[in-house]
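*Asks:* Got a predicted structure here, sequence first:
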Amino acid sequence: MNIFKLLSAEFSNIAAHKGILVSVIAALLVPVVYGGILLSATWGPYDNLNNLPVAVVNNDQGAISDNEPINVGNELVANMKQGKDLGWEFVNSTDAMRGLQKNDYYMAIIIPEDFSQRVTTVMEPNPQKLELEYIQNEGMNFLASKVTETATQRIREQLANTITQNYTSKVFTSLDDVSDGFGRAADGSARLSDGTTQLHNGTQELLNSVTSKQSDITKLANGTQELKDGTGLLLSKLEGKSGDITKLANGSQELHDGTVRLKDGTGQILAGLQKAETGSEELKNGVANNLAPGARGVADGTIRLKDGSAKLADGANRLLAGLKEFREANPSTNLPPYKDPYQQIIDGAQNLADGLNSLSTKSVKLSDGAVKVADGIDNKIFPGTAKLHDGLNQLVAGQKKVDSGAAQLEDGASRIADGNAQVDNGWQELITGVSKLDNGAERIAEGNAAVDEGWKKLANGASRLEDGAGKVDDGSEQLASGLKEGADKTSGLNTGEQNAQMFSSPVELASDTVNDYEYYRDSTAPYVLTLGLFVGILIMSMFINFKRPADVSSISWFAVKFMNLTILSLFQAVLLLMTVFFILKLNVANPLGLVLFTVVVSIVFSAIVLFLAAAAGNIGRFIALAFVILQLSITGANLPREMLPENLRALSEFLPFTYSIAGFKSVITLGDWGAAVTNMSVLLAYLILFALLSVTVFIFMKKSQKQKHEFEAAM
């Protein structure tokens, strides 16, 4: 028997049995029933929101703002009563909580007691946000909870706009004062700019003055350092000569002591000469016995006196020359001669030198006379006594001068000793003073060095000050210009009620929709068509006999059963399409595409159901039913596949409903024939896969029947 005869026999068998025929007809109407019921509604999901009961509790106690009472809670309730967003029911807190527990309300909105009070803090340093509490009864319906939550968000936006408008009105009211303040600030900043210009000019003069004096300050610092070096050298020299000055003082004291002794000696000589004069008569008589030896001794003594006085005179002259040289090397301050120690020493030394010179001169004469006396005694003893007496008279007179000179010498030596002592003391005081001067010069040098360093820093600071003053001057000019510009701009601001409303709610959404649904049913049509076709084919498979005739091959057996199920599925697809187009009048973007895609889906679902029913019978049909349930929530029927968890999204890629729903959506609402072709290609791959699996099952079933017949024949 060929395939078409077998297929004709299959349909004849169905027509011959009225029960099977009625069942098949009922199965053909399953997709029509699905579509007729689920796609007949012509309402939208937001058409009857006012039927959703929502409890509203207003506990707001009100507040005082700008000496006026406000009650934002009452205003909110009044707006709710005017609108029909949801089924508002205004109750107290107790009734609202009881209604939620008894599932009378989908949501409760609670306005707290301090709602208005928090509004008054909007202008305070620490404003408090308004809290609008809402409690959702999500267990009653998930979609309803999302709708009520959206309505609550709109209420929040309305409240935010109202509060922002009030705040903006207050801000705009104060902008006039701000504009006046900008004007006054601009005037003040202009005066500030003039002052900063003067400051800048003054800092420039200061910088020029400080910079011009820098070299002088450096010279001063260097000069004080040189002064310090000079005072140190002077102190060193004075300390080096201190010993010599002390020796000079000690020597002059010794000189004074010698002159005292010299004075005493000349006094004794004078007394002796006077006695000699007195005793010249006696000398005459005693020449023979005493005068000659005595005269010789006197001659010898006068010779020694001559030599000694010559040496003293020479020493006194050298002393006088040294003192004069010292006086020239160390000039004293401007003092009168009687207070100048150096002059006193020089005068004393001069007197001493004069006396010693006179003594030396006299001693020469004395020596000559003594020699002559001695010679005369030796040669003219007696004749020379008269001359001796005269000579003694002269000698006494000269000796008196010597004695007077010795007294003067002693007085000069005394003054020299006193002067040198004063010089020694003054020298020590001079060393002390110079030491203090050296210390002071050191401090002056250090201070001037610090002044020099500080002056350099002052110059740098003055330079930075001049730069800063220039920037301040520029900034003050910019400030004055900016404030004036701000005053001009703020004075031109529009601060009316419309501006406040614009500021509080500056954005309005201009919405548009592409591929929009005319009715809510349009969004569920892809899922309903898929489900109706699959369930109808699944029910229809229950009335098909899968027993193989003995003389039919496995391929023919498969082809007959597949064509049988496919033809019936195409009949139900045609009935479903007629219902959709002519009875329900569904708005379809691509009608021809819908017809073609429905035919492909019916054939693919026939292959899937054929494999499951042939392989496992009713168990396979149960698996097919579970297969439908598995695909309800993960193939894009309720939620977009992009919103699914990653593991479910990956699983949905292997389910045929994913591509049938996506393809129906492409031709019904999106008008995307390219996407429909893509999904159709995947479904054809499913067709080939399950057709091959069905062939394999039929081949296996034939072998099993053959083995069973062979076993029964052997028995």
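*Replies:* Structure received. Computed from a predicted structure; not experimentally measured.
*Asks:* When you work out contacts or count neighbours from here on, use the C-alpha atoms and nothing else.
*Replies:* Fine.
*Asks:* now the regular element (helix or strand) spanning residue 607, how far from the centre of its chain.
*Replies:* The secondary structure element spanning residue 607 is helix 591-616 (assigned by DSSP states H and E). Remark: helix 591-616 is offset 70 Å from the chain centroid, using C-alpha atoms, centre = their mean, to the nearest Å.
*Asks:* What average pLDDT does it get?
*Replies:* The pLDDT scores in helix 591-616 average 93.
*Asks:* And the helix or strand that it is followed by, what does it pack against?
*Replies:* With elements assigned by DSSP H and E, the helix or strand that comes after helix 591-616 is helix 618-630. Contact partners of helix 618-630 among helices and strands, from 3 or more C-alpha pairs under 8 Å, 6 or more residues apart in numbering; DSSP states H and E: helix 520-540, helix 591-616.
*Asks:* I'd like those written out as a markdown table, with distance to residue 641 and mean neighbour count added.
*Replies:* Listed next are the helices and strands packed on helix 618-630 as a markdown table, based on distance: least, C-alpha to C-alpha, whole Å; neighbours: other C-alpha atoms under 10 Å:
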| stretch | distance to residue 641 | mean neighbour count |
| --- | --- | --- |
| helix 520-540 | 14 | 22 |
| helix 591-616 | 20 | 22 |
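*Asks:* Of the ones you listed, give the one that comes closest to residue 553.
*Replies:* helix 591-616 (15.5 Å; C-alpha to C-alpha).
*Asks:* between the closest one and helix 618-630, how big is the angle?
*Replies:* In this structure, helix 591-616 runs at an angle of 140 degrees to helix 618-630, with axes from the mean of the first three to the mean of the last three C-alpha atoms, to 10 degrees as the basis.
*Asks:* which helices and strands does helix 591-616 pack with?
*Replies:* Applying 3+ C-alpha pairs under 8 Å, 6+ apart, one finds that helix 591-616 contacts helix 520-540, helix 554-578, helix 618-630, helix 656-665, helix 673-714.
*Asks:* closest to residue 326 out of the ones you listed?
*Replies:* Going through the helices and strands packed on helix 591-616 one by one, with C-alpha to C-alpha as the measure, helix 673-714 comes closest at 129.5 Å.
*Asks:* just checking, what packs against that closest one?
*Replies:* Packed next to helix 673-714, using 3+ C-alpha pairs under 8 Å, 6+ apart, are helix 554-578, helix 591-616, helix 656-665.
*Asks:* out of those, which comes closest to residue 52?
*Replies:* helix 656-665 (30.1 Å).
*Asks:* Between helix 673-714 and the closest one, find me the angle.
*Replies:* Using the same axes, to 10 degrees: helix 656-665 against helix 673-714 is 140 degrees.
*Asks:* Make 126 the first number, not 1, from now on.
*Replies:* Got it, the first residue is 126 from now on, which makes the last one we talked about helix 781-790.
*Asks:* Please compute how far helix 781-790 lies from its chain's middle.
*Replies:* On the basis of C-alpha atoms, centre = their mean, helix 781-790 sits 59 Å off its chain's mean C-alpha point.
*Asks:* all helices of the stretch 376-525 of the chain, in order?
*Replies:* Using DSSP state H, counting those that start in this stretch, the helices of the stretch 376-525 of the chain run over residues 405-411, 417-454, 466-504, 509-616.
*Asks:* ranking these by burial, who's on top?
*Replies:* A comparison of those by mean neighbour count, using mean count of other C-alpha atoms under 10 Å, puts helix 466-504 on top with a mean of 22.
*Asks:* Spell out for me which residue occupies the centre of the chain.
*Replies:* The residue lying closest to the centre of the chain (C-alpha atoms, centre = their mean) is residue 593, at 22.9 Å.
*Asks:* Pull up the gap between that residue and residue 324, please.
*Replies:* 10 Å (C-alpha to C-alpha, to the nearest Å).
*Asks:* Please state the offset of stretch 740-757 from the chain centre?
*Replies:* 68 Å.
*Asks:* Can you pull out the low-pLDDT segments for the stretch 676-825 of the chain?
*Replies:* 676-677, 762-764 (pLDDT under 70).
*Asks:* ok, back up a step: nearest to residue 767, of the helices and strands packed on helix 743-755?
*Replies:* Among those, helix 645-665 comes nearest to residue 767, with 17.0 Å by C-alpha to C-alpha.
*Asks:* Quickly compare the helices and strands packed on helix 716-741 and say which is most buried.
*Replies:* Sort the helices and strands packed on helix 716-741 by mean neighbour count, taking mean count of other C-alpha under 10 Å, and helix 781-790 sits at the top with a mean of 25.
*Asks:* show me the contacts for the spatially closest residue to residue 430 that is not a sequence neighbour.
*Replies:* Nearest-residue entry for residue 430: residue 488, 6.2 Å, with adjacent residues in sequence omitted and distances by C-alpha to C-alpha, 6 or more residues apart in numbering. For residue 488, the contacting residues are 427, 428, 430, 431, 434, taking C-alpha atoms under 8 Å, 6 or more residues apart in numbering as the criterion.
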